[in-house]
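[1] sequence and computational prediction follow.
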Amino acid sequence: MQYSDLLSARFCAQHLSSSGTLQRVLGLCAAVAICGLLSSATVIADSTGTPIDPEKLKLTFSEEFDTLDVSAWGPGTRWIAHTPWSGDYGGARFGDPGENSPFSTDSGILRIEATRDEAGNWRSGLLASVDRKGVGFSQKYGYFEMRAQLPEGAGVWPAFWLVGRDRSKATAEIDILEYYGDKPGAYSSVVHVWHKNGEHYSKGNRNEVFAEAQPSDFHTYGVKVDKEFIRMYFDRKLVWTTPTQPEHRQPLFILLNLALVDGTSNIMTPDPSHMFVDYVRAYALEADNTARP
């Protein structure tokens with residue numbers, strides 16, 4: 001795969017090679033590459049900002065962060081603290097709950113902290129709603145939403161995303177939110193299919209929403225997935241639409257995290273950096289939607 005084809009340093013680093021050198025190169029290139037590539041993606045923009053009303057949908061998953069039920073790898077907890085397939089990515093290790101946990105809750109708000117340890121290594125946090133066996137919450141179709149405050153500063157890379165539970169032939173990914181702190185005027189959202197044979201489908205958009213709105217304020221980031229279309233929302237207003245691929249017509253599980261871009265940029269990353277999450281929710285659209293608790 002050529003650098004001109006890259007739309008996610010996270011999955012490219014994991015799928016193309018386990019080489020630490022390639023991971024560092026991809027991390028350094030990600031923030032630069034994403035802007036030009038997304039601007040050329042074929043998407044359907046919506047100038048009217050058609051809103052979505054979750055009150056008209058059926059709530060199927062609600063994490064309000066009054067407490068946090070998380071373990072390193074499960075089983076039996078609502079969240080695990082690593083990606084189910086490989087663990088970590090980017091320029092920070094994802095920490096486990098317990099001593100030196102990156103997670104804390106206060107008054108219904110989750111705080112994910114990225115900080116350096118005494119050796120100078122970065123530690124941050126990720127939550128995934130299924131374990132390595134696929135046990136946990138996933139849902140076919142629906143509306144998925146997070147309300148969050150994003151950190152600012154070079155190197156921060158918060159994300160809210162979905163992955164298909166069946167990864168046997170391809171990995172279906174929907175990046176609802178990818179934010180690069182050194183480019184505070186916008187965030188990216190991308191749809192991927194990573195095929196086992198090396199083929200890669202991707203469509204994305206750079207959402208220029210942070211003018212009067214600020215990333216450090218609470219905003220909602222959402223996606224509506226149905227059989228025909230994937231629709232991305234900011235503060236419940238439609239920002240762009242792209243056709244649903246066959247690989248996305250399956251139960252999808254939830255991930256959210258504060259990662260760091262891998263490379264020299266995190267030398268300038270504020271220490272500590274924080275992402276605050278008010279809630280994560282999922283809604284069913286139709287009676288035949290399937291949600292797995």
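    Looks like it came in fine. Residues are numbered from 1 along each chain as shown.

[2] R236 contacts T50, doesn't it?
    No. In terms of Cβ atoms under 8 Å, R236 does not count as a neighbour of T50; the distance is 9.7 Å. Yep, even glycine has a C-beta here, placed from its N, CA and C like the rest.

[3] so L258 is in which element?
    Assigning secondary structure by DSSP states H and E places L258 in strand 251-260.

[4] related to what we said a few turns ago, settle it for me: which of R236 and T50 has more neighbours?
    Here R236 and T50 are set side by side on neighbour count (other Cβ atoms under 10 Å), and the busier one is R236, at 17 against 13.

[5] how far away is the more buried one from R147?
    As for R236, its distance to R147 is 10 Å (criterion: Cβ to Cβ, to the nearest Å).

[6] ok, now D66?
    From D66 across to R147, the span is 15 Å (Cβ to Cβ).

[7] and those two? Which one has more around it.
    The residue with more neighbours, out of D66 and R147, is R147; 17 against 10, by other Cβ under 10 Å.

[8] OK, contacts around the nearest residue to the more buried one once chain neighbours are set aside?
    Taking Cβ to Cβ, 6 or more residues apart in numbering as the measure, R147 lies nearest to D278, with 4.1 Å between them; neighbours along the chain are not counted. With contacts defined as Cβ atoms under 8 Å, 6 or more residues apart in numbering, the neighbours of D278 are 65, 108-110, 147-148, 218.

[9] looking at the residues you listed, which are in strands?
    In strands, defined here by DSSP state E, the members of these are 109-110, 147-148.

[10] let me know the closest of the contacts of D278 to P102.
    For the contacts of D278, the closest approach to P102 (Cβ to Cβ) belongs to L110, at 10.3 Å.

[11] isn't the closest one up against D66?
    No. The pair L110 / D66 is not scored as a contact, 9.9 Å apart, by Cβ under 8 Å.

[12] residue contacts, G108?
    The neighbours of G108, taking Cβ under 8 Å, 6+ apart as the test, are 64-66, 278-279.

[13] and the nearest residue to G125 once chain neighbours are set aside, how many neighbours?
    Spatial nearest neighbour of G125, excluding adjacent residues (Cβ to Cβ, 6+ apart): P102 at 3.3 Å. The local packing of P102 (other Cβ under 10 Å) involves 25 other residues.

[14] find the nearest non-adjacent residue to V223, please.
    Per Cβ to Cβ, 6+ apart, closest to V223 is I176, 4.7 Å.

[15] low-confidence ranges, the protein, go.
    When residues are selected by pLDDT under 70, those of the chain lie in 1-49, 264-265, 287-293.

[16] all helices for the stretch 1-150 of the chain, in order.
    Under the criterion DSSP state H, counting those that start in this stretch, the stretch 1-150 of the chain contains helices at 9-16, 20-39.
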